[in-house]
Every structure is written in structure tokens, then in C-alpha cells.
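Novice: predicted model, plus sequence, below.
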Amino acid sequence: MVFSTILGTTMTAANIVHVHMRTIPETEYEEVKCTVRKIEGKLKAQSTEVKYDGKQEWRLGGALHRSGKPAVEYYDKDVLRAMEYYQLGKFHNGEGPARKVLNSDGTTLLEEHYFEGELHRSDGPAVVQNHPNGKIYMEKMYEFGKLHHWGKPAIVVYNTDGKPIVKEWYMHDKKHRYDAPAVKYWYDNGDYKHEYYELGRLHRDHVPAVIIQFQGEYRCEYYQRGKLHRDHGPAVVDIDDFGQRHEEYYLNGRQYSKIGYYFAKAGLWW
């Protein structure tokens, strides 16, 4: 299908998180030039409309541009399936999403908000992706191109019933949260995984930075500034559903046997 070829992927809720429209036409294009009105009585420019089989573009002085309407439209058998707003070559739409992808029935599959070429939205998520049933699958908060949402998760993923199953906190594009997990996963059976980050690195003082509970098993991992590390005991502890315990010892990311760990702590191992 033309639309699938343009997107370069099959449009599903699992693989549409980062969609980049391809600009290679399937057929030779036709240029239609027309004169645009003078801007403030000073500037006279040329607007070029480029038509493809399944794609239509509007340009101003060679750059993708159209005021108040999409500068690029994608079609699948004459049915509009996606649109992109540009201002002088940059993704931009001050009135709504700058990129919108539609299902074949016209319902929305993906919306992305841009400000002067960067993912950005001040009053809500900059990226909203929906399940095929119309319910929200993922929301992502951006400020000027960076994942960021002060005090609240910047990424939330929902199951088909609308229940959150993933939450991630970011500060200026780095996973980060004070005194609470920056990543929280929930499994269907009620189990969970928590990860603590400090400025993009797994980190937590004296207590586990990763905690997993799944199907009767338990695992905790200790990290210091992104490296497996624990000063007083194993950095990885696994307890299976029979109560059996497995331990792994690390110092600054380097793994040791249990006896080697205590030698290294005493300065007798290099």
C-alpha cells in the first residue's frame, strides 16, 4: 500500500513511537508554480505545490511551508492518512499537532506537537499515540525537544483498558526523580519493577536502585552512579519462589567472587 511504503513501516501501536516520514516519491513529480501575494507589501515569493502519487507538498522559496494548513499530506488510495505542518522548513503548528497520522477509518493514531522544529507542548503531551481501539497507548511530554515534566511522569504507557503500565520521569532528557523511582512498570498479575535514577544514571545510596517482584520471585540491585556497586554486601540479590537465594558481588561495576570481594575491600585484590 502507498501509505505503508511512505511511512516505511506497518502502522501498529508497538512500532509507531518514532515515525519519520520518507520523502522519496514513488513516481515522477509534477511542479505547479503560482505567485503568492506580497507580504507587507515588500516580499514577493514563489509557492511551489509538488504532487506525488500518495503525497502532496506545499513549498515557499524551496522550503516546506504553508500557513494554517498542512504543508505535506499523505494519501492511501485517495484517502488522507497523514499530514504535516511546516513553517519555513521546520515542523511547526501553533494551533495543534504538527504531525498527525490517521487510521483508515479517519480516527487518530498518532499526534506530535512541534514548535519551530522541536517536539514541544506547554499544555499537555507533545506526543499522543493511540491503540487501534481508540484509547490512549502512550503520552510523552516534551519541552523544546527534550523529555521533561516537572514533578510528573514524562512518559506514560497504557494497556488497552486505559490502565497505566509504565511511567517514566525525566528532567531535561535524563531519567531523574528525587527519593522515588523514576521508572515504574506494572505487570498484568500485579507484580512490578521499580528503577531509581539520578540525572540519567541508576543510583541510590545504601538501598536497592532496582527492585523487581515477578511471579513469586524477588530481585534487587544496588547501583552507584550507574555502576553495580555495594560497600557492605552483595550488589545483586535474587530470591526465587522456593526461597532460594542467589548473590552477586560488585565494586564499581566489577564483579567478584564472595571471597574476592572481601579481599578487594581489604585492599588485597587488584
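Specialist: Structure's in. What do you need?
Novice: give me the mean pLDDT for stretch 229-240.
Specialist: Mean pLDDT, computed over stretch 229-240, is 96.
Novice: actually stretch 131-138, not the one I wrote
Specialist: Average pLDDT, stretch 131-138: 91.
Novice: so for that stretch, what gets flagged as buried?
Specialist: Across stretch 131-138, burial judged by 16 or more other CB atoms under 10 Å covers 131, 137-138. Where C-beta positions appear, they are placed from N, C-alpha and C, glycine not excepted.
Novice: need the phi and psi values for His65.
Specialist: Here is the backbone geometry of His65 (degrees, to the nearest 10): phi -170, psi 140.
Novice: neighbours around it, how many?
Specialist: The number of residues packed near His65 is 21, by other CB atoms under 10 Å.
Novice: begin at 30 from here
Specialist: Okay, residue one is now 30; in that scheme the one you just asked about reads as His94.
Novice: mind listing what it touches?
Specialist: Residues counted as contacts of His94 (CB atoms under 8 Å, 6 or more residues apart in numbering) are 76, 87-88, 100, 115-118.
Novice: now it: how far from Gly118?
Specialist: Shown here: His94 relative to Gly118, a distance of 7 Å by CB to CB, to the nearest Å.
Novice: out of the contacts of His94, which are buried?
Specialist: Listed as buried from the contacts of His94 are 76, 87-88, 100, 115-116; burial here means 16+ other CB under 10 Å.
Novice: where in this structure is pLDDT low?
Specialist: Applying pLDDT under 70 to the chain picks out residues 30-82, 298-299.
Novice: Glu145 contacts Leu117, doesn't it?
Specialist: No: in this structure, Glu145 is not within contact of Leu117 by CB atoms under 8 Å, at 9.2 Å.
Novice: mind listing the shared neighbours of these two?
Specialist: Joint contacts of Glu145 and Leu117 (CB under 8 Å, 6+ apart) do not exist.
Novice: helices along the stretch 180-299 of the chain, start to end?
Specialist: Applying DSSP state H, counting those that start in this stretch to the stretch 180-299 of the chain gives helices spanning 287-294.
Novice: picking up where we left off before, among the buried ones among the contacts of His94, which lie within strands?
Specialist: Those of the buried ones among the contacts of His94 mapping onto strands are 76, 87-88, 115-116, per DSSP state E.
Novice: closest one of the residues you listed to Gln242?
Specialist: Gln242 lies nearest to Tyr115 out of these, by CB to CB, at 47.4 Å.
Novice: partner residues bridging that closest one?
Specialist: In this entry, Tyr115 is beta-bridged to Phe120, by DSSP bridges.
Novice: burial measure for the residue nearest to Asp220 when sequence neighbours are not counted, as a count.
Specialist: Counting by CB to CB, 6 or more residues apart in numbering, the nearest residue to Asp220 once its immediate chain neighbours are dropped is Phe243, at 4.5 Å. Phe243: 14 surrounding residues under other CB under 10 Å.
Novice: who's Phe243 bridged to?
Specialist: Per DSSP bridges, the residues bridged to Phe243 are Glu246.
Novice: next one: Tyr214
Specialist: Residues in beta-bridge contact with Tyr214 (DSSP bridges): Val195, Lys222.
Novice: how many neighbours does it have?
Specialist: Tyr214: 18 surrounding residues under other CB under 10 Å.
Novice: quick one: contacts for it?
Specialist: Here Tyr214 is in contact with 194-195, 221-223 (CB under 8 Å, 6+ apart).
Novice: measure how buried the residue lying closest to Lys204 once chain neighbours are set aside is and give me the count.
Specialist: Counting by CB to CB, 6+ apart, Tyr226 is the residue found nearest to Lys204 once chain neighbours are left out, at 3.9 Å. As a burial measure, Tyr226 scores 23 neighbours (other CB under 10 Å).
Novice: check Asp270 too.
Specialist: Using other CB under 10 Å, Asp270 has 10 neighbouring residues.
Novice: check whether it really touches Arg248, as I assumed.
Specialist: No: in this structure, Asp270 is not within contact of Arg248 by CB under 8 Å, at 12.0 Å.
Novice: much appreciated, bye for now.
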